[in-house]
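A.B. asks: Everything below, folded, please.
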Amino acid sequence: MNLGRVDLNLLRVFDAIFEDRNLLLAGKRLHVTQSAVSHALGRLRDLLGDDLFVRTARGMEPTARAMSMAEPLRSALRQIEAALGIEPFVPDAARREFVVAANDYITWLLLAPLSERLAALAPHVNVSIRPSTRLDLAGQIDLGRIDIAVGIFADVPGRFHATTLWEQADVLLMRQAHPVAHRTVTREDLRTYPLLTVSTGGQEEGAVSGFITERGLARQSEMFSRQSLEEAFPDMDAGPRLRISVAHSLAIPALLRNSDMLALVPGPLARAFVSQGGWVCRATPYATSVAAVRAIWHARNAHDPALQWLRGELAGIAASLGVGGLDVVGDAAGGQEE
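C.D. replies: The predicted structure is shown next:
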């Protein structure tokens, strides 16, 4: 192919259509008309000898050729932008959408304050929050459909960058009228009162030791340290009963409200519930591991001024919240049963 026939703008149109799966939305992203996008797509089809996108009820579905082109083209476009020099990001004048992947707990804790920051500092910037529990999370970051993912990751491939936002450990959450709410929780209590945990994927989805690995990225699928629990109770048949596992942490209050179950959850989540009243947080009667909540992004976006600004905002919010799982309301964290 003669590269002299390739217009860089055609590649930008391809990237926008691949992202939005819609000619009208792609045009809005590029600040051109739908007709201009359609014309550019026609030129690119003629140039490459492939339809690239097929109109379906779900939108413009990419062909196999388009799927194979998408990631290397996006990476190349970012490198070109970096080489030519990118305009600085001016929050109050910027018009952009950020795509962040997070679970419901992190969304509540971190991204709700981010929304307030955006309203004050970047009123024309939008944020789309996608579930970090999706099985193709790494693939979506690779394709550029997710800018930043926030969660607990055991392994982060070299093509991604990461920064720690906070550290957390497991604690026990219970209703205020729970029989053990006003004293130290013991190991025997865990054998008496069943546990409620949060899990977004099990062995049927390929989870190993509470983590799901996809494209080299291992993300946490269980919001508690199963290893710490099993080390404390080697014979789980005679140990705590994991009575209910839910996929959404914000369902916990409804399940605990009229129950004597104990919820095994991250410290920051427990304290968020306690702050609303009606709940008590206690330390586990065994030592539990500390996990780092990290933000990760593709290396090609490391020098994108807009994403640098967003990462700074997320880090600042995390610091201002003082989140962490190393202290517990009303008890000492990680205390051993006497």
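A.B. asks: which of the residues in the longest helix seen in the chain are buried?
C.D. replies: For the chain, the longest helix by residue count, based on DSSP state H, is helix 64-84. For helix 64-84, a neighbour-count test (16 or more other C-beta atoms under 10 Å) marks 66, 69-71, 73-75, 77-78 as buried. C-beta here means a position set from N, CA and C on the backbone, and glycine is covered the same way.
A.B. asks: Next, the contact list for the spatially most central residue of the chain, please.
C.D. replies: The centre of the chain sits closest to residue 102, judged by C-alpha atoms, centre = their mean, with a distance of 2.6 Å. Going by C-beta atoms under 8 Å, 6 or more residues apart in numbering, residue 102 touches 110-111, 129, 131-132, 149-151.
A.B. asks: if we go to 7 Å?
C.D. replies: Each residue near residue 102 by C-beta atoms under 7 Å, 6 or more residues apart in numbering is listed here: 111, 129, 132, 150-151.
A.B. asks: Could you do residue 174 as well?
C.D. replies: For residue 174, the contacting residues are 181, 256, 262, 280, by C-beta under 7 Å, 6+ apart.
A.B. asks: Just the ones of these in strands?
C.D. replies: 262, 280 (DSSP state E).
A.B. asks: Among the contacts of residue 174, which one has the most neighbours?
C.D. replies: Neighbour counts for those (other C-beta atoms under 10 Å) peak at residue 262, which has 27 neighbours.
A.B. asks: Give me the distance between the residue lying closest to residue 180 once chain neighbours are set aside and residue 262.
C.D. replies: Spatial nearest neighbour of residue 180, chain neighbours left out: residue 189 (5.3 Å); criterion: C-beta to C-beta, 6 or more residues apart in numbering. According to C-beta to C-beta, to the nearest Å, residue 189 stands 8 Å off from residue 262.
A.B. asks: again with residue 184
C.D. replies: Residue 184 is 13 Å from residue 262, by C-beta to C-beta.
A.B. asks: Next, find the distance separating residue 81 from residue 228.
C.D. replies: In terms of C-beta to C-beta, residue 81 sits 45 Å off from residue 228.
A.B. asks: returning to that earlier point: the residue nearest to residue 180 is in what secondary structure piece?
C.D. replies: Using DSSP states H and E, the element containing residue 189 is helix 187-192.
A.B. asks: Out of the helices and strands in the chain, which is least certain?
C.D. replies: Every helix and strand of the chain was ranked by mean pLDDT, DSSP states H and E. The lowest is helix 64-84, at a mean of 82.
A.B. asks: Show me what that helix is packed up against.
C.D. replies: helix 8-20 (3 or more C-beta pairs under 7 Å, 6 or more residues apart in numbering; DSSP states H and E).
A.B. asks: now the helix it packs on and helix 64-84, what's the angle there?
C.D. replies: 120 degrees (axes from the mean of the first three to the mean of the last three C-alpha atoms, to 10 degrees).
A.B. asks: what bits of this structure have low per-residue confidence?
C.D. replies: 1-5, 82, 85-87, 202-207, 324-338 (pLDDT under 70).
A.B. asks: The nearest residue to residue 225 once chain neighbours are set aside: what's it in contact with?
C.D. replies: Nearest residue to residue 225, sequence neighbours excluded (C-beta to C-beta, 6+ apart): residue 289, at 4.8 Å. Residues near residue 289 by C-beta under 7 Å, 6+ apart: 225, 227-228.
A.B. asks: same thing but at 8 Å, please
C.D. replies: Applying C-beta under 8 Å, 6+ apart, the residues near residue 289 are 169, 225, 227-228.
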